[in-house]
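Visitor: Quick one: sequence plus predicted model below, questions after.
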Amino acid sequence: MNEIILISVYIFVLAIFVGFEVITKVPPLLHTPLMSGSNAISGITLVGALISAGAGSSQAAKILGMLAVITATINVVGGFLVTDRMLEMFKKDKKKN
Amino acid sequence: MVTITNIVYLIAAIFFIIGLKNLGSPKTARQGNLLAMTAMLIAVLVTLLDRQILDFSYIIAGVIIGAAIGIVSAKKVEMTQMPQMVAIFNGFGGIASALVAFSEYLRTGNSLAIDGLITLILSLIIGTLTFTGSLVAFAKLQGIMRGAPIVFPGQKWINAILLTSALVLGVFVIFDASLVSFLLIIVIIAAVLGVLSVIPIGGADMPVVISLLNSYSGLAAAATGFVLSNNILIISGALVGASGIILTQIMCKAMNRSLTNVLFAAVGTDDSGGVSTGGERKKVTEYTAEDAAMVFDASQSLIIIPGYGLAVAQAQHILQELAELLENRGVAVRYAIHPVAGRMPGHMNVLLAEANVPYEKLLEMDEINDDFQNTDVVLVIGANDVINPAARYKKDSALYGMPILNADKAKTVMIVKRSLSPGFAGEDNELFYDSKTMMLFGDAKKMVTDLVKAVKDL
């Protein structure tokens, strides 16, 4: 195992711990937005898709890349927008203010 | 340039983490989502500056198509349809990761090192399985497929054999990276595996499945990150993976089931209701909306327990009207939300927020369970198993041990229900026959409308 992959494994494991710490604190009230928001974050694979679609050596690689760009963009754009739409609906009690 | 890109990726990762942290409170949540959006945008922009990218035509086409579909579906989706929307988006995330990994394999002309090949295979398996599994979950939630579990003999064995053969083929690829056909067979096996692992899961267990697929979509992104040696993918994928696992655990705990039981036991028959048990007819007292209004008139506190039946009947808006009417008459109204009230984690909160219920009134089980004993009236709509006292003591019941809302501790319990049929667990609910219970038979929307009218006429 070379050193680069080992560092990547370190990063992966530490990020999982950060994820556990941060997400355990999210109350059930917001679990649906959390899910759709984190879902949009998993669309980060778009970054890889851009390179595949733009730098692919063969036509096949580029087309696969483009399909990846489409699916990842749906995931990112749709995910963030719908999360925003939901969060906008969570309002405080007006009568108390 | 590589350094700059990596520094920007680090900033994006920090923004993602702060964004998720801000999602922890309704006051900061929207801002947190915007921060995560910004992070995604800067990560994408800096990637576009990469010198490896020679041809932008495929990128532009892909982004336009993807963004159009994303925008339209985000605007059009009904809040009741959120579970299937998240399910299908999980699937898209998963397949995107698998496609990127495969494209990278084609691009580097099988010169990937062993660790690259291992993670490539993992990415293909997890990504494809997430995709097909999500499609099945979507079909079940959308009603394209029946919600009932589909089981056949030897299902578990077939799944185990499929997974093993995919891994064995993977080992061959690791020794000889030019075996493209093996990679394609791995993809096909993973696709079949995704379908086979979700079809035996019943409609009522979908919250667990979506949470789990959410986690998988993150892990697929992380695996692709390993293939590309790209840290932002690894970090974000790990965050989402962790998030999905936490939500999976929470849902399992709320249903008093182990993950293994959810995935393999094929519980539940259909979305529309549980097993009907015969048994002797016990005495039930049926009341009218007018009777209920009189009780409301004499009470000071009310806790509403909404279940998914409420959303199915689209009665949440009229319910909020009733709540406001009662508040104006001096009744303190709050909502008690059981973790499984809905089709995905937190779903009921979104549905009620849409009906303009202020979020301070939405209380989770642990916050409100001790207050029931001091409450005059509990109004249960479209919920059943989550208030069944059998969960506390009846050891042979499927419900035994499941955390429930203490509705039975209130002075009066009103239950709006179509019939006396048991819930998903098939356990008769003794609370229906309790002397302090007022059964209000009828469709949720119609009954709440009648209640509104009756209260207005007081």
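Guide: Right, received. Where do you want to start?
Visitor: pLDDT below threshold where in the stretch 251-400 of chain B?
Guide: Applying pLDDT under 70 to the stretch 251-400 of chain B picks out residues B:267-281.
Visitor: can you tell me the residue of it closest to chain A?
Guide: Residue nearest to chain A within the stretch 251-400 of chain B: B:Gly346 (3.0 Å; C-beta to the nearest C-beta). Backbone N, C-alpha and C define where each C-beta goes, glycine included.
Visitor: secondary structure element for the spatially most central residue of chain A?
Guide: Nearest residue to the geometric centre of chain A (C-alpha atoms, centre = their mean): A:Ile41, 1.2 Å. Secondary structure assigned from DSSP states H and E places A:Ile41 in helix A:31-42.
Visitor: Quick one: name whatever helix or strand follows that helix.
Guide: Past helix A:31-42, the next helix or strand by DSSP H and E is helix A:46-55.
Visitor: does chain A sit close to the helix or strand that contains B:Ile59?
Guide: If you go by DSSP H and E, B:Ile59 is part of helix B:57-76. Yes - residues of helix B:57-76 contacting chain A under C-beta under 8 Å from any C-beta of the partner chain: B:58-59, B:61-63, B:65-67, B:69-71, B:73-75.
Visitor: where's the helix or strand just after that helix relative to the chain centroid, distance-wise?
Guide: On the C-terminal side of helix B:57-76, the nearest following helix or strand under DSSP H and E is helix B:82-107. How far helix B:82-107 lies from its chain's middle: 18 Å, per C-alpha atoms, centre = their mean, to the nearest Å.
Visitor: now for helix B:82-107, which elements pack on it?
Guide: Other elements packing on helix B:82-107 under the criterion 3 or more C-beta pairs under 8 Å, 6 or more residues apart in numbering or on different chains; DSSP states H and E are helix A:31-42, helix A:46-55, helix A:59-73, helix A:79-89, helix B:114-142, helix B:180-198, helix B:206-228, helix B:347-354.
Visitor: Mind giving me the packing neighbours of the first one?
Guide: Contact here means 3+ C-beta pairs under 8 Å, 6+ apart; on that basis helix A:31-42 packs against helix A:79-89, helix B:2-22, helix B:29-48, helix B:82-107, helix B:206-228, helix B:231-254, helix B:347-354.
Visitor: Buried ones in the third one, by neighbour count?
Guide: To tie it back to what came earlier, the one meant is helix B:29-48. Neighbour counts over helix B:29-48 (16 or more other C-beta atoms under 10 Å in any protein chain shown) mark B:29-30, B:32-40, B:43-44, B:46-47 as buried.
Visitor: Need the nearest residue in space to residue 15, chain neighbours excluded.
Guide: You didn't say which chain, so I picked chain A. Once flanking residues are discounted, A:Ala15 sits nearest to B:Ala238: 3.6 Å by C-beta to C-beta, 6 or more residues apart in numbering or on different chains.
Visitor: Switch to chain B, please.
Guide: Excluding its sequence neighbours, the residue lying closest to B:Phe15 (C-beta to C-beta, 6+ apart) is B:Ala39, at 3.4 Å.
Visitor: List the contacts of the one you found.
Guide: For B:Ala39, the contact set (C-beta atoms under 8 Å, 6 or more residues apart in numbering or on different chains) comprises B:Ile11, B:Ala12, B:Ala13, B:Ile14, B:Phe15, B:Phe16, B:Gly19.
Visitor: Verify the stated contact: the second one with B:Ile42.
Guide: Which is B:Ala12. Yes - here B:Ala12 lies in contact with B:Ile42, judged by C-beta atoms under 8 Å, at a distance of 5.7 Å.
Visitor: That'll do, ta.
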